[in-house]
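**Student:** Just to be clear, the model below is a prediction. Sequence and coordinates:
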Amino acid sequence: MMSKFDAKCERGATLPRGVTAVTDVPYGDDKAETLDFYYPDGGENLPLIVDIHGGGLVYGNKELNKRFCYALALRGFCVANINYGLAPEYAFVEQVRQTCKAVAFAQKNAPHTEKKGLRTVIVGDSAGALLALLADGAAKSGKVRAAYGLDGMCGAAADGLFLISGMYSFSSRRINGLAGLSIGKGKGEWREYTDLRKLFEVYAPPKIFMTSSEGDFLKKSTKRFAELLTERGYPFKLDYKPKKNAHGEKYIHIYPVKFPEWEECGEILDEFSII
């Protein structure tokens, strides 16, 4: 069902005029460790976006986010659209490690980006939002790096996070198996930091822009996350839509990724660009 829906949404995902693509660049030795770079033609000293696709940690790849990443590139960014290994073949610890490696690689190797003081924004949708938080947390916190075995793998901390319909926890019984390991059994400090309350004891995030809607099946996750950010005093903005727009089109889960051509999605991308 997901494959059919994604195929429908991704029809016509051709590279737009004015954008250059460098595809399937390896950022490591594993078969899953590849990314694409997209950037506007003629652009120089560009800020960097690293985009992390969703799919509950068990589904998806960078190809699903191409149209979304093209729209970001047209707004003056160099975009690194990354792959990572999927559960159950890859445990959650390895997914976090790969995400951190991809961010570090992109910061060092992205074409036409700023040579000094590179501005980096990490974008994550659904499960990618949790990976984005942990990748930035690892860049800033030695405790997170130690828990995930990340010494030497992380790049610089992000200047902002753009989180779309985030899956901000997977500790509930319903989705325990998504990490390839049971969250409720065994040992490992890394499990503590899937609880964002504990993560925020050792990590302060940058400014966050996030989206959700009444038609998003993870809307409660976003609302709880917004409450936690408010409680901790961390700066954020939440763009929360109703179930449908004025044309009767549904604001589904990760709708800005699926429908970047919608006028309201374009407005979101324009607004997020200033974080």
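**Tutor:** Alright, I've got the coordinates.
**Student:** neighbours of residue 205, just the number please.
**Tutor:** 23 (other C-beta atoms under 10 Å). Every residue, glycine included, has its C-beta placed from N, CA and C.
**Student:** again with residue 246
**Tutor:** 8.
**Student:** try residue 24
**Tutor:** Residue 24: 10 neighbours (other C-beta under 10 Å).
**Student:** Could you find the closest non-adjacent residue to it?
**Tutor:** Leaving aside its sequence neighbours, residue 24 sits nearest to residue 34 (C-beta to C-beta, 6 or more residues apart in numbering; 5.1 Å).
**Student:** and if you look at residue 164?
**Tutor:** residue 125 (4.0 Å).
**Student:** so what pLDDT did the residue nearest to residue 24 get?
**Tutor:** If you check residue 34, the pLDDT there is 98.
**Student:** cool, residue 6 as well?
**Tutor:** 65.
**Student:** Repeat that for residue 194.
**Tutor:** 90.
**Student:** any idea how far it lies from residue 37?
**Tutor:** From residue 194 across to residue 37, the span is 30 Å (C-beta to C-beta, to the nearest Å).
**Student:** and what of residue 152?
**Tutor:** For residue 152, the distance to residue 37 - C-beta to C-beta - is 23 Å.
**Student:** Looking at the two, which is more packed in?
**Tutor:** More neighbours surround residue 37 than the other of residue 152 and residue 37, with 22 against 9 (other C-beta under 10 Å).
**Student:** The more buried one: which element?
**Tutor:** Under the criterion of DSSP states H and E, residue 37 resides in strand 34-40.
**Student:** Counting by contacts, list what that strand packs against.
**Tutor:** In terms of contact count using 3 or more C-beta pairs under 8 Å, 6 or more residues apart in numbering; DSSP states H and E, strand 34-40 is assigned the packing partners strand 19-26, helix 66-73, strand 78-82, helix 92-109.
**Student:** which residues sit against that strand?
**Tutor:** 15, 18-27, 46, 62, 66, 69-70, 72-74, 76-83, 102, 105-106, 110-112 (C-beta atoms under 8 Å, 6 or more residues apart in numbering).
**Student:** what's the model's confidence in the first helix or strand past that strand going along the chain, averaged?
**Tutor:** Next along the chain after strand 34-40, taking DSSP H and E as the criterion, comes strand 48-52. Taken as a whole, strand 48-52 carries a mean pLDDT of 98.
**Student:** With that, I have no additional questions.
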